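Participant: Provided below are the primary sequence and the corresponding predicted coordinates.
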Amino acid sequence: MVKELERKEREMVSLGEKMKHARGKQKKLKKTITEDEHALKAAIATSRDSESEVEKLRAELEAKEALIEKEEAELDHIRDSLKDKTQVFADQIEVKQAELAPWAAQVTTKKAALDLATSERNLILKKTEDVKASLEAAQETIKKIETESKTKTDELKVLKQEQKEYLQGIRDAQEELKVEFSYKKTNFISAIPLMNEDTKLRNHFNSARQKADEAKTARSINSSKSQVLNSLSKLKQQGRLRGFHGRLGDLGRIDEKYDIAISTACPQLDNLVCDSVETGQSCLAHLKQTNAGRAVILCLNALSASDSKPIETPEGAPRLIDLVTPKDESFRVAFYHVLRDTLVANDLTQANRIAFGGKKRWRVVTLDGKLIDSSGTMSGGGSRVSKGLMGSSIIGGGEDEEYSEERIAKFEKDVRKAEEKLNNFQTSKSSIEDELNRLQGILPHVEMKITKLEMDLGGGIKRLEEARRTIEDIRSQDNLEAKDEKEIKSLEKIIEKNQKEMDSLKTKTKSIEEEIKELQEKILQVGGVKLRTQQSKVKDLKEIIEHTSNRLTKSEVTINKSKRDFEKYTKSLEKNSEELNLIEIGLEELEGKNSVMVTETEAMRDTVDQARISLEEQKDRLVGIQKKRNEKLKFMNAFEKQQTELKQLKEKAEIQLAKEKHTLEHWRKKQASLKLIAIDHYDDDDDEKEGKEDDEVLKVYDESEFEKFDAEMTKAEVAKLEEDQERAPADLGVLEEYAKREAEFMARANDLEITTNQRDECKQLLDDLNSQRLEEFMWGFQIISGKLKEMYQMITLGGNAELELVDSLDPFSEGIIFSVMPPKKSWKNISNLSGGEKTLSSLALVFALHAFKPTPLYFMDEIDAALDFRNVSIIGNYIKDRTKNAQFIIISLRNNMFELSRRLVGIYKTKNCTKSIAVDNSELLIEEKSNLVEQSV
């Protein structure tokens, strides 16, 4: 397809050159035809004008000849009148003229022949000069074409050399980049990446950087431990604090993607973890004794074993607890205790949907550290976010892994070396790729120039051939007109002959003419002015007749030349018209082919473009497959490495097992030789003594019981006991005291555990009640706030009111703010309102509370005192129509209010005694309505 497209493009270039050449020839022929037409018209016009002039000159000549006859007669008359005086001279002149007449006739004949031969010769010479000029022009064209061809040939050689260098440069670059390369003219079947140094260097750099980052993280975490953690960790390493596990964040790992989320949602990751309450108390006692600081300690046996199994969540959002990988499954309960069911969302929009979208409210944290609590509060943001409370790998393996400064420096040095190698490689690769892209971009332009130059050279060869054919035509035309040269020679001979004869005749008649002139001068002297004048007239007429004869001869010659030119240009015009017609037909065919070729080429180019796009997609797919293959190979290599390491560990373990068996046998023998020293407890209870005697028998532990022992702790206890034994004398009574204290301690510890459990249950109940109170309060608060807004808008016809929590984290600590925006006013606190506005706001709140939880009885004392007529009517009608599920007892002095009541109780005072009177207002209202109806009827 690409080859076909290249062929089509070359054909298009070739057609373009042919069309260009044809248009040039067409233009040249049109110009020649135009010139021939002008020349033909000029020849016709010249012939027509010359014929007209010939007729005119002949008529003029006849008139002049008639006039000269008349003037000669007059001259003869004058001479006759002077005949007596000039007869002698006249007779002599007649004699001389008679003698001169034959010679004069010959001179006139020779002169006419000479003029005719000269004109014909000049015409033939002009034609020859035109042919020479055409020949010189054609030769100049050949010279110009040859010069251009030489220049373009040299340029073509340079371009081909550049093309060769570019191709070699591309191959060298492809070889350096280690890619497969195939070049076909202007198409590049590009670059399938092979296994190269880029992937290796990048993997090496990433691996070195990861090691350095992990080392720095571990170093940072270890160095940033508080004095509390360092103190307790040191105590644990000494074997004096059994069951202490360290910081909670160090006991698990999470993907780096969720670092910010878990650090924001759970600052409790800095809490410490131990296995039991007793261990926790020991930690606190040690901290108190050493004054190391405060600590929050999570006791694993005191944490409720909540169900932390995966649950169904909105939009499938993951829980943080499910994303944490604990160091040991026993720590999961601690992680669940601090994380609960906190969910992770990609962004704040999704977090809002998850937190408030369903019936249950969720605690949600986003990947960028924005937290929405189940109570509705939102926190997070700012220029700094919390991160680093839990790493992507578990620090340490039983004990905290220590990284020395030298080791970290080595890691950083490895990173710098790997980065330097990678940067050098990428710089070199980038420069090579830039050079490759530059060469690949230049090469098609160079090839297009080469193609155009080749086409130009081909066109130049054709134009050179045409110019040579033109020269041959001119030369053949020159050969065909060889008779003209003969005619020129013949005419020149005639001219020369006639000229000689004329000169000879003039020489012979010169003396006679001079004698005649002398005689005529004598006659003129005799005849006076009149004779001279008449003779001058005759002479002038003769000169005019001679001039007219010459003009007539030239006009006749011009007519003959015009006729020959007419024939010549007519033939040339017919020939050029036929050639132009053929060229135009060929040009139409070329344009049709070019149009079809353009359509086919565009369609083929679209197909090639689609194929190239498909090729690029396949390349991308191949890159993806190779990437997956590399990942699989990497995984296989890691697996093989791990397999080899496991085999080595197995061999070491077998050797160690043999040693341990030998050691076990040794200690069994040692154990058999041990004896337990009986201690008198001074107890009078025989049964208890018998039980103690049973305890005094040396106990032998089985393997399952041995697994429960901590070897390091046991070693530490033994070392401590040996140290105590060396420093103090043996006092066996202490053992008895220890046994009593231990029994007392165990009893107290049991009581403490029961009390602690009761406390935890009460605390859990308190937390549940607080949570229930918060949820119910927030539920009611939202309903009341909505009803308040609705009631206030209804009462004020356009105002707004809102209840806001002062402390959204703890609504019960600071209370509620009641904000009001009266119609056409700004927001204000209720304390800043006028009396009427306060009344309306308070009534709106009362009605909102009534809508949330109706009260059967309300007492209101002059609530309408500060209200105008309109607001009193609105309040009164609302109480009457909307609050039929409660009884309102209202003290009022406004008739707009009490006239709407069902029962009126009037209070009055007479004789210093307060009295009351009750009136059922409903019957009066009914009667008033009926009266109004009757009046309207």
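Facilitator: The structure has been received and is ready for your questions.
Participant: Beta-bridge partners for Ser819, please?
Facilitator: For Ser819, the beta-bridge partners are Glu802, Asn829 (DSSP bridges).
Participant: Please, which helix or strand holds Asp368?
Facilitator: Using DSSP states H and E, Asp368 sits within no helix or strand.
Participant: Distance check, it against Leu15.
Facilitator: Noted for Asp368: a distance of 63 Å to Leu15, by C-beta to C-beta, to the nearest Å. In short, each C-beta sits where N, CA and C put it, glycine included.
Participant: same check, this time on Ala866
Facilitator: According to C-beta to C-beta, Ala866 and Leu15 sit 100 Å apart.
Participant: More neighbours: which of these two?
Facilitator: Applying other C-beta atoms under 10 Å to Ala866 and Leu15 shows that Leu15 carries more neighbours, namely 17 against 14.
Participant: okay but the more buried one is in contact with Ser595, surely?
Facilitator: No - Leu15 is beyond contact range of Ser595, at 10.0 Å (criterion: C-beta atoms under 8 Å).
Participant: residues in contact with Glu862?
Facilitator: Glu862 is in contact with 891-893, counting by C-beta atoms under 8 Å, 6 or more residues apart in numbering.
Participant: mind listing which of these are in helices?
Facilitator: Using DSSP state H, no member of these falls in helices.
Participant: could you say what helices and strands the host helix or strand of Lys30 packs with?
Facilitator: According to DSSP H and E, Lys30 maps onto helix 2-81. Applying 3 or more C-beta pairs under 8 Å, 6 or more residues apart in numbering; DSSP states H and E, we find helix 2-81 packed against strand 179-184, helix 405-480, helix 482-672.
Participant: which residues in the stretch 101-250 of the chain form strands?
Facilitator: Secondary structure of the stretch 101-250 of the chain by DSSP state E, counting those that start in this stretch: the strands cover 179-184, 187-193, 244-247.
Participant: continuing past the last one, what's the next helix or strand?
Facilitator: With elements assigned by DSSP H and E, the helix or strand that comes after strand 244-247 is strand 252-253.
Participant: got the buried residues for stretch 365-373?
Facilitator: 365-367, 369-373 (16 or more other C-beta atoms under 10 Å).
Participant: Of the contacts of Glu862, keep whichever come out buried.
Facilitator: Neighbour counting with 16+ other C-beta under 10 Å marks Ser892 as buried within the contacts of Glu862.
Participant: so of the contacts of Glu862, which ones are in strands?
Facilitator: By the criterion of DSSP state E, membership of the contacts of Glu862 in strands covers Ile891.
Participant: neighbouring contacts of stretch 634-642?
Facilitator: For stretch 634-642, contacts defined as C-beta under 8 Å, 6+ apart pick out Asn203.
Participant: okay, that stretch in CSV with CA atoms only?
Facilitator: Presented in CSV, the C-alpha positions along stretch 634-642 are these (Å, rounded to 0.1, in the frame of the first residue of the first chain):
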residue,chain,number,x,y,z
LYS,A,634,10.2,-10.0,37.2
PHE,A,635,7.7,-11.9,39.3
MET,A,636,9.2,-15.3,38.2
ASN,A,637,12.7,-14.1,39.0
ALA,A,638,11.6,-13.0,42.4
PHE,A,639,9.8,-16.3,42.9
GLU,A,640,12.9,-18.2,41.9
LYS,A,641,15.0,-16.1,44.2
GLN,A,642,12.6,-16.7,47.0
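Participant: roughly how far out does that stretch sit from the chain middle?
Facilitator: How far stretch 634-642 lies from its chain's middle: 39 Å, per C-alpha atoms, centre = their mean, to the nearest Å.
Participant: Pop the domain breakdown of the protein in here.
Facilitator: Per the record, the chain has its domains at 2-165+454-622, 646-675, 678-726, 731-852, by automatic domain parsing.
Participant: Indicate which one of those domains is closest to Thr342.
Facilitator: Distance to Thr342, taken as C-beta to C-beta, is lowest for domain 731-852 among the domains of the chain, at 15.3 Å.
Participant: which residues of the stretch 301-450 of the chain score low on pLDDT?
Facilitator: The stretch 301-450 of the chain contains residues with pLDDT under 70 at 305-308, 382-384, 394-405.
Participant: Farthest-apart pair in the buried residues of stretch 365-373, please.
Facilitator: Using C-beta to C-beta, the buried residues of stretch 365-373 span at most 17.4 Å, a distance reached by Leu367 and Asp373.
Participant: Just the mean pLDDT for stretch 769-778, thanks.
Facilitator: The average pLDDT within stretch 769-778 is 90.
Participant: Same question for stretch 884-903: list its buried residues.
Facilitator: Buried-residue list, stretch 884-903, by 16+ other C-beta under 10 Å: 890, 892, 894, 896-898, 900-901.
Participant: mind listing what the nearest residue in space to Lys64 that is not next to it in sequence touches?
Facilitator: Leaving aside its sequence neighbours, Lys64 sits nearest to Ile545 (C-beta to C-beta, 6 or more residues apart in numbering; 4.9 Å). Neighbouring residues of Ile545 by C-beta under 8 Å, 6+ apart: 61, 64-65, 68.
Participant: any idea how far Asn498 is from Ile545?
Facilitator: 21 Å.
Participant: wait, is Val365 part of a strand?
Facilitator: Yes - assessed by DSSP: H, G, I helix; E, B strand; the rest coil, Val365 belongs to a strand.
Participant: now it, which residues is it bridged with?
Facilitator: Applying DSSP bridges to Val365 gives these bridge partners: Val344, Leu371.
Participant: so how far is Leu809 from it?
Facilitator: Noted for Val365: a distance of 16 Å to Leu809, by C-beta to C-beta.
Participant: what do you get for Asn291?
Facilitator: Distance from Asn291 to Leu809, by C-beta to C-beta: 33 Å.
Participant: Would you mind telling me which of these two has more residues around it?
Facilitator: Using other C-beta under 10 Å, the more surrounded residue of Asn291 and Leu809 is Leu809, with 12 against 8.
Participant: Is that one located within a strand, as I assumed?
Facilitator: No - looking at Leu809 with three-state DSSP, it is coil, so not inside a strand.
Participant: neighbours around the closest residue to it other than its chain neighbours, how many?
Facilitator: Closest residue in space to Leu809, ignoring its immediate chain neighbours: Thr377 at 5.5 Å, by C-beta to C-beta, 6+ apart. By the measure other C-beta under 10 Å, the count of residues near Thr377 is 13.
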